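# quick check, what structure comes out for this input:
(one chain, ligands or ions: 2)
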Amino acid sequence: MTLTEHSTDVAAEQTVEQALRPHAEDAFAHELAALAAADDRPRPARWRLSPWAVATYLLGGTLPDGTVITPKYVGPRRTVEVAVTTLATDRALLLLGVPGTAKTWVSEHLAAAVSGDSTLLVQGTAGTPEEAIRYGWNYAQLLAHGPSRDALVPSPVMRAMADGMTARVEELTRIPADVQDTLITILSEKTLPIPELGEEVQAVGGFNLIATANDRDRGVNELSSALRRRFNTVVLPLPATPEAEVDIVARRVDQIGRSLDLPAVPEGVEEIRRVVTVFRELRDGVTADGRTKLKSPSGTLSTAEAISVVTGGLALAAHFGDGVLRSGDIAAGLLGAVVRDPAVDRVIWQEYLETVVRERHDWKDFYRACREVSA
Ligand SMILES: Nc1ncnc2c1ncn2[C@@H]1O[C@H](COP(=O)(O)OP(=O)(O)OP(=O)(O)O)[C@@H](O)[C@H]1O
Ligand SMILES: [Mg+2]
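Ligands and ions are numbered 1, 2, ... in the order given. Model prediction:
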């Protein structure tokens, strides 16, 4: 390796390292490269990997050369397989689920594995304009030289069409209905007309779109049935068992913790189990043994929130404790996650604390810590 080669390598590594949250294709570049090398199955046009390798990237596995692919998504294999194969068809993929079920996460990793680029992203909001999905104009150029390709600012979707890549639309149902409908022509005709230029952009092979939507959001726009027909809907479920959820939380906290230089998780796994138990019991409205009915608080208490409660706890343990995650470190974060609406949730939490938590004799320190912050 020459000196210049070496220094560009270092520079590239530093850009990756310095990003607080690198894109999936950068963070897992070595896994993607190993998969591409080991992958001898047919790949759809412009796909970086075969559908099999994309599914392995998401679900994890060990390659013949010994490379370990870490699981990104923990959940039913079939769900992932259906999602991946949908992207190889002419239908777009809609990932649907309650908050915190990894819709955004799966969408990012799918785009990274299929196209090597997860950044062709439109964030859906109530204010998302049509231009964000079609194209806009560079007004200085437009005024100086009139409409031309140079003055046109392509949207991420238009770029994905032209280059045969995966586009992503986050929170599709937050986008006003008429703007959502812009996607109908794109998805059915695979064409984006530019009337101002008398031209069009035709999608090339490899183009597809992943949208995410939350089925719990109230007061948002429904998906029109015309648009829904262009999508294959894949519902991402909540983790089926407490063990699966503990596993997801521990894995993610470990990854996030490492990027923030926090202490390792293993010693805190007992606390993670408690957080997950509390979340699941309150979410399900019944204790794990099925004996006591509970009221559910207004918050969603998703896996994603369990991850942030535990990460917050680890940071407390690292900076103000002895580096080991203890009940005292998670109690405040837990209270914040459960009590969203002080008027109703506080009572529900107190009742849970006194009737359920208090009775568990191996939860004494946890009970005390929660009492302290709840007072
Ligand atoms: N089954 C799972 N497997 C792996 N990670 C998971 C799983 N469920 C949740 N997570 C983790 O939860 C975090 C949040 O997920 P994400 O933001 O993708 O949720 P979402 O479904 O998009 O939520 P929202 O509806 O609020 O946008 C991610 O860090 C992800 O790793
Ligand atoms: Mg999301």
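# can you give me the buried ones in stretch 58-66?
Of the residues in stretch 58-66, 58-59, 63 count as buried by neighbour count, 16 or more other C-beta atoms under 10 Å. For glycine as for every other residue, the C-beta is placed from the backbone atoms N, C-alpha and C.
# could you find the closest non-adjacent residue to residue 54?
Leaving out its chain neighbours, the residue that sits closest to residue 54 by C-beta to C-beta, 6 or more residues apart in numbering is residue 113, at 4.4 Å.
# would you mind pulling up the elements that the strand or helix carrying that neighbour packs against?
Here residue 113 sits within helix 103-115, counting by DSSP states H and E. Secondary-structure packing of helix 103-115 (3 or more C-beta pairs under 8 Å, 6 or more residues apart in numbering; DSSP states H and E): helix 24-27, helix 29-38, helix 51-59, helix 77-87, strand 92-97, strand 166-170, strand 208-214.
# among those, which is nearest ligand 1?
Among the helices and strands packed on helix 103-115, the nearest to ligand 1 by C-beta to the nearest ligand atom is strand 208-214 (4.1 Å).
# quick check, residue 130 in contact with residue 179.
Yes - counting by C-beta atoms under 8 Å, residue 130 touches residue 179, with 5.3 Å between them.
# got JSON lines for the helices and strands packed on helix 103-115, with mean pLDDT too?
Shown next, in JSON lines, are the helices and strands packed on helix 103-115 (pLDDT from 0 to 100):
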{"stretch": "helix 24-27", "mean pLDDT": "95"}
{"stretch": "helix 29-38", "mean pLDDT": "97"}
{"stretch": "helix 51-59", "mean pLDDT": "98"}
{"stretch": "helix 77-87", "mean pLDDT": "97"}
{"stretch": "strand 92-97", "mean pLDDT": "96"}
{"stretch": "strand 166-170", "mean pLDDT": "98"}
{"stretch": "strand 208-214", "mean pLDDT": "96"}
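# what would the ones you listed look like in CSV with distance to residue 144?
Formatted as CSV, the helices and strands packed on helix 103-115 follow (distance: least, C-beta to C-beta, whole Å):
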stretch, distance to residue 144
helix 24-27, 37
helix 29-38, 41
helix 51-59, 45
helix 77-87, 40
strand 92-97, 37
strand 166-170, 30
strand 208-214, 34
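# hmm, back to that, quick check, nearest of the buried residues of stretch 58-66 to residue 360?
Proximity of the buried residues of stretch 58-66 to residue 360 (C-beta to C-beta) peaks at residue 59, which lies at 34.4 Å.
# which residues touch that closest one?
Going by C-beta atoms under 8 Å, 6 or more residues apart in numbering, residue 59 touches 71-73, 77, 80.
# of these, buried ones?
71-73, 80.
# what subset of the residues you listed is also close to ligand 1?
residue 73 (C-beta under 6 Å from any ligand atom).
# thinking again about what came up before, nearest to residue 150, of the buried residues of stretch 58-66?
Of the buried residues of stretch 58-66, the one sitting nearest to residue 150 (C-beta to C-beta) turns out to be residue 58, at 39.2 Å.
# surely the closest one meets residue 108?
No - using C-beta under 8 Å, residue 58 is not in contact with residue 108; the gap is 10.7 Å.
# could you say which helix or strand contains the nearest residue to residue 252 once chain neighbours are set aside?
Nearest residue to residue 252, sequence neighbours excluded (C-beta to C-beta, 6+ apart): residue 307, at 4.9 Å. Assigned by DSSP H and E, residue 307 belongs to helix 303-320.
# so the following helix or strand past that helix, near ligand 1 or not?
Going down the chain from helix 303-320, the next helix or strand is helix 327-338, by DSSP H and E. No - residues of helix 327-338 are not located near ligand 1 by C-beta under 6 Å from any ligand atom, the shortest gap being 13.4 Å.
# okay then, goodbye and thanks.
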